[in-house]
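> Starting from these lines, generate the structure:
(one chain, ligands or ions: 2)
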Amino acid sequence: MTNITIAIDGFSSTGKSTVAKLLAKALGYIYVDSGAMYRAVTFYAMQHNFIEENYLFEEALVKSLDDIFISFKHNEELGFSEVFLNNVNIEKEIRTLEVSNFVSTIAAIPEVRRKLVIQQQDMGKAKGVVMDGRDIGTVVFPYAELKIFMTASAETRAQRRFQELIDRGDEVHFEEVLDNVIKRDYIDSTREDSPLIQAEDAVLFNNSNFSIEEQFEKVLNLAKSIIKHKKSDTN
Ligand code: CDP
Ligand code: CDP
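Ligands and ions are numbered 1, 2, ... in the order given. The predicted structure is shown next:
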């Protein structure tokens, strides 16, 4: 069996995780949502009052990093893995706009990144993994056989995320979701440690006008062609 590593990076709400999950299922690979890990640390910071009135007690959070244990467990019914913080399922709690409003600040802390990148590399060491995030093709798996970089207009992405939050029953306004998407794009792209940039060897997808199905088909075809070539190389 020829297994490869697939890195999917890009801006918020471009369809990374949806495509990554479908791809992992089609190829029999594991899927890792690296953003969920940064969201889990953010949720921990909120739970422990390290964030108060927009102020982050960064030193206190960094000192507590050894107390944070993040894991994933496959949910058969849903067909994908859910994220756990210190053995408690927090899959639903980490998707709120409140967590989204702080996550990029937390994700810019080098100590947080170091801890999570080590765990991500460990989860992908056997290959056969699809991981999505912001620095997967540049930092976590610089030698990934397939790297995808996804973009779409901020309005399209905010509309998608807004719909998702409304469907969950959250009370949000479109403008605050758009504001969050734009602010996160900025912080993620301009931070010093592992900024969101397209890897030189990544395939660019602007999917403002693609459906999920079209997006998935294109990425799956690319993956299959790389796997086929690798197979013939090793024969
Ligand atoms: O799903 P969405 O694109 O909204 O975000 P996410 O993938 O859940 O990631 C949440 C945040 O975590 C991002 O805005 C980044 O600040 C951070 N992140 C990161 O810095 N590096 C990663 N590999 C993944 C996420
Ligand atoms: O992981 P990321 O934040 O990049 O995006 P996602 O969670 O996969 O997708 C965000 C939302 O946009 C989901 O509700 C998707 O179904 C939707 N979406 C879409 O409608 N059309 C696309 N081409 C991509 C995503």
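> Which neighbouring elements make contact with the helix or strand harbouring residue 102?
Per DSSP states H and E: residue 102 is located in helix 97-107. Counting contacts by 3 or more C-beta pairs under 8 Å, 6 or more residues apart in numbering; DSSP states H and E, helix 97-107 packs against helix 34-47, strand 55-56, helix 174-190. All C-beta atoms are positioned from the backbone trio N, CA, C, and that covers glycine.
> ok, 6 Å please
helix 34-47, helix 174-190 (3 or more C-beta pairs under 6 Å, 6 or more residues apart in numbering; DSSP states H and E).
> contact partners of the last one?
This means helix 174-190. The contact list for helix 174-190, computed with C-beta atoms under 6 Å, 6 or more residues apart in numbering, reads 11-12, 100-101, 104, 134, 154, 157-158, 161-162, 195-196.
> same question, stretch 42-62
By C-beta under 6 Å, 6+ apart, stretch 42-62 touches 68, 85, 90, 93-94, 99, 102-103, 106, 111.
> now do 8 Å
Contact with stretch 42-62 is made by 41, 64, 68, 85, 90, 93-94, 98-99, 102-103, 105-106, 109, 111-112, as judged by C-beta atoms under 8 Å, 6 or more residues apart in numbering.
> what's the longest helix in the protein?
helix 212-234 (DSSP state H).
> And it, what's buried?
Going by neighbour count (16 or more other C-beta atoms under 10 Å), the buried part of helix 212-234 is 215-216, 218-219, 222-223, 227.
> now do stretch 102-122
102-109, 112-113, 115-117, 119-120.
> same check, this time on stretch 86-103
Buried, per 16+ other C-beta under 10 Å, within stretch 86-103: 90-91, 93-97, 99-103.
> model confidence over it, on average?
Mean pLDDT, computed over stretch 86-103, is 96.
> just how off-centre is that stretch within its chain?
Distance of stretch 86-103 from its chain centroid, counting by C-alpha atoms, centre = their mean, to the nearest Å, is 13 Å.
> Contacts for it next, please.
Counting by C-beta under 8 Å, 6+ apart, 35-36, 38-40, 42-43, 45-46, 51, 56, 67-69, 71, 73, 82-84, 165, 168, 170, 172, 176-177, 180, 183-184 sit against stretch 86-103.
> does that stretch come close to ligand 2?
No - using C-beta under 6 Å from any ligand atom, stretch 86-103 never reaches ligand 2; the gap is at least 9.2 Å.
> how about that stretch, does it get close to ligand 1?
Yes - counting by C-beta under 6 Å from any ligand atom, contacts between stretch 86-103 and ligand 1 involve residue 103.
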